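> generate a structure from the sequence data that follows.
(one chain, ligands or ions: 1)
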Amino acid sequence: MDAYIIDWLHLLVRFLHVLTAIAWIGASFYFVWLDNSLETPPQWKTDQGIKGDLWAVHGGGFYEIAKYKNAPAALPTTLHWFKWEAYSTWITGMLLLVVVFYVGAQSYLIDTNKADLSSWQAIGIGVGSLLAGFAIYEGACRTPLVEKGLLFGLVMLVLLTAMAWALSQVLGDRAAYIHVGALIGTCMAANVFTTIMPAQRAMVAAAAKGESPDPIYGYKAKLRSTHNNYATIPVLFIMLSNHFPMTYGHEYGWLILGVLAFIGAWARHFFNLRHQGIVKPMILVSALAAFALVAWVTKPADQTAMAAAAGSPVTDIQALGIVGKHCSACHSATPSDDIFKAAPGGVMFDNLDQIKAMKERILARAVHTHDMPFMNKTGMTAAERQTLERWLNQ
Ligand code: HEC
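I've put the predicted structure just below:
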């Protein structure tokens, strides 16, 4: 399909994905907050079966919210459900995966420096990893391990990190990251579909008959929704990480993913406790400190002094030669690349001034990480990167 049409499709699907994800996570955060902020109601409400109530002011109006201990005496005519936020986030997410990574497999999925796969092989690995990962999670939820919340979380984290490692051996770095994110998102949406919704349907059906629902439904739904709660921050991080090559593009990118996912879940724990009135600021402080530590530990080695001492000054002609050979196919007013028909990110390297103006970004993308040229499509060597660095720094 025409690259131009794919780009517009990409824009539309990405927009819808972000929009639906905001609605899903927004609703999920709101209900977690709501549940944890309920207060003991006055007696007349307790008499009606109300367990907790809450007052709020928003958008120019007062709201009075009540949560029933069991079911209300009579079911209301209109009962609002929250499920399409989850389903539509998943559907648009999968479409985005297809539009960007599968339709564009040659540029986004396959890294020939790692494995010389055909498009279908690479797509097979991606889809297979999602199916296998989902089966493992569902299997684990049926073992006694699921009762031990913390241990279960840690085991899942280790498995996800292992998946990031395995995928990064055969697929492009971004593709490896995005599949881990897609797997978490799939499990979260499936939790709504396979467990939380059926539990709610059973509850409503029992209430309609004036019976009290089997507590096992509520218990299972609560467990899965707790998993979803702790997964939100890690999954958001992974989705955003595609803009940050110092994470996925790092030699130990898979480990960075695991550590940052852990920090994200840890930070979420602070808010879960705080809603219940337990304030442990050290959780947030330690999460921020750990974040800074990751940044420090993974910082690019300072080779400037070494590289400068390594040889005679690099001429402008040499630098232009390297950039012309390895970057200009895409980053030019008139790109010659088969996929990228407009300078990506608006970044063009058609003359010395344009190149010098982007010094820091070139260092970040082509020297400190090896994330540019894109998938190293033009086969840039380590020596060429070093020469470019010397020139930029002299
Ligand atoms: C095959 C096409 C291709 C080649 C070749 C290529 N790039 Fe890129 N470049 C991209 C794409 C796609 C983006 C936008 C997506 C992104 O930022 O990752 C981009 C974005 C960038 C950005 C802007 C984003 C930022 O971090 O500020 C810089 C800088 C960059 N590339 C530098 C380079 C350098 C330097 C080279 C040559 C050593 C190079 N690129 C070669 C495709 C390419």
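
> C-alpha coordinates for the strand or helix carrying residue 294, PDB please?
Using DSSP states H and E, residue 294 sits in helix 281-297. Included here for helix 281-297 are C-alpha records, laid out as PDB according to Å, rounded to 0.1, in the frame of the first residue of the first chain:
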ATOM      1  CA  PRO A 281       6.500   8.700  50.900                       C
ATOM      2  CA  MET A 282       9.700   6.600  51.000                       C
ATOM      3  CA  ILE A 283       8.100   4.400  48.300                       C
ATOM      4  CA  LEU A 284       7.900   7.300  45.900                       C
ATOM      5  CA  VAL A 285      11.300   8.700  46.900                       C
ATOM      6  CA  SER A 286      13.000   5.300  46.500                       C
ATOM      7  CA  ALA A 287      11.200   4.800  43.100                       C
ATOM      8  CA  LEU A 288      12.500   8.200  41.900                       C
ATOM      9  CA  ALA A 289      16.000   7.400  43.300                       C
ATOM     10  CA  ALA A 290      16.000   4.000  41.500                       C
ATOM     11  CA  PHE A 291      14.900   5.700  38.300                       C
ATOM     12  CA  ALA A 292      17.800   8.200  38.600                       C
ATOM     13  CA  LEU A 293      20.100   5.300  39.300                       C
ATOM     14  CA  VAL A 294      19.100   3.400  36.200                       C
ATOM     15  CA  ALA A 295      19.800   6.600  34.200                       C
ATOM     16  CA  TRP A 296      23.200   6.900  35.800                       C
ATOM     17  CA  VAL A 297      24.200   3.300  35.500                       C
END
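
> next, the buried residues of it.
Using 16 or more other Cβ atoms under 10 Å as the test for burial, helix 281-297 gives 283-284, 286-287, 290, 294. Yep, even glycine has a C-beta here, placed from its N, CA and C like the rest.

> go on, stretch 156-172?
In stretch 156-172, counting by 16+ other Cβ under 10 Å, buried: 156-157, 159-161, 163-165, 167-168, 170-172.

> now tabulate those residues in a markdown table and tack on distance to the ligand.
Formatted as a markdown table, these follow (distance: Cβ to the nearest ligand atom, whole Å):
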| residue | distance to the ligand |
| --- | --- |
| 156 | 29 |
| 157 | 27 |
| 159 | 28 |
| 160 | 23 |
| 161 | 23 |
| 163 | 23 |
| 164 | 19 |
| 165 | 22 |
| 167 | 18 |
| 168 | 17 |
| 170 | 20 |
| 171 | 16 |
| 172 | 11 |
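
> and the next element down the chain from the helix or strand of the chain with the lowest mean pLDDT?
Averaged element by element with mean pLDDT, DSSP states H and E, the chain has its least confident helix or strand at helix 304-309 (a mean of 57). Later in the chain than helix 304-309, the nearest helix or strand by DSSP H and E is helix 316-326.

> contacts for that following helix, please.
Contact with helix 316-326 is made by 349, 352, 355, 366, 373, 378-380, 384, 387-388, 391-392, as judged by Cβ atoms under 8 Å, 6 or more residues apart in numbering.

> mind giving me the ChimeraX command for buried ones among those?
In ChimeraX, this line selects whichever of the contacts of helix 316-326 come out buried by 16+ other Cβ under 10 Å:
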select :349,355,366,373,378,380,384,387,388,391,392
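
> could you work out the most separated pair of the contacts of helix 316-326?
352 and 379 (23.6 Å; Cβ to Cβ).

> okay, buried residues for the helix or strand harbouring residue 181 please.
Per DSSP H and E, residue 181 falls inside helix 173-190. Within helix 173-190, the residues scored as buried using 16+ other Cβ under 10 Å are 173-190.

> please say whether there is contact between it and the ligand.
No: using Cβ under 6 Å from any ligand atom, helix 173-190 stays clear of the ligand, coming no nearer than 8.0 Å.

> just the CA coordinates of that helix, formatted as CSV?
What follows is helix 173-190, C-alpha atoms only, in CSV (Å, rounded to 0.1, in the frame of the first residue of the first chain):
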residue,chain,number,x,y,z
ASP,A,173,14.8,-3.5,19.6
ARG,A,174,11.6,-1.4,19.4
ALA,A,175,9.7,-4.4,18.2
ALA,A,176,10.9,-6.4,21.2
TYR,A,177,9.8,-3.7,23.6
ILE,A,178,6.4,-3.2,21.9
HIS,A,179,5.5,-6.9,22.0
VAL,A,180,6.1,-7.0,25.8
GLY,A,181,3.8,-4.0,26.1
ALA,A,182,1.3,-5.6,23.8
LEU,A,183,1.3,-8.8,25.8
ILE,A,184,0.7,-6.9,29.1
GLY,A,185,-2.1,-4.9,27.4
THR,A,186,-3.6,-8.2,26.0
CYS,A,187,-3.7,-9.8,29.5
MET,A,188,-5.3,-6.7,31.0
ALA,A,189,-8.0,-6.5,28.4
ALA,A,190,-8.6,-10.3,28.6
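
> what's it packed up against?
helix 84-96, helix 119-140, helix 149-170, helix 215-241, helix 245-248, helix 253-275 (3 or more Cβ pairs under 8 Å, 6 or more residues apart in numbering; DSSP states H and E).

> any chance of those in CSV, plus mean pLDDT?
Output for these, formatted as CSV (pLDDT from 0 to 100):
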stretch, mean pLDDT
helix 84-96, 96
helix 119-140, 96
helix 149-170, 95
helix 215-241, 90
helix 245-248, 92
helix 253-275, 92
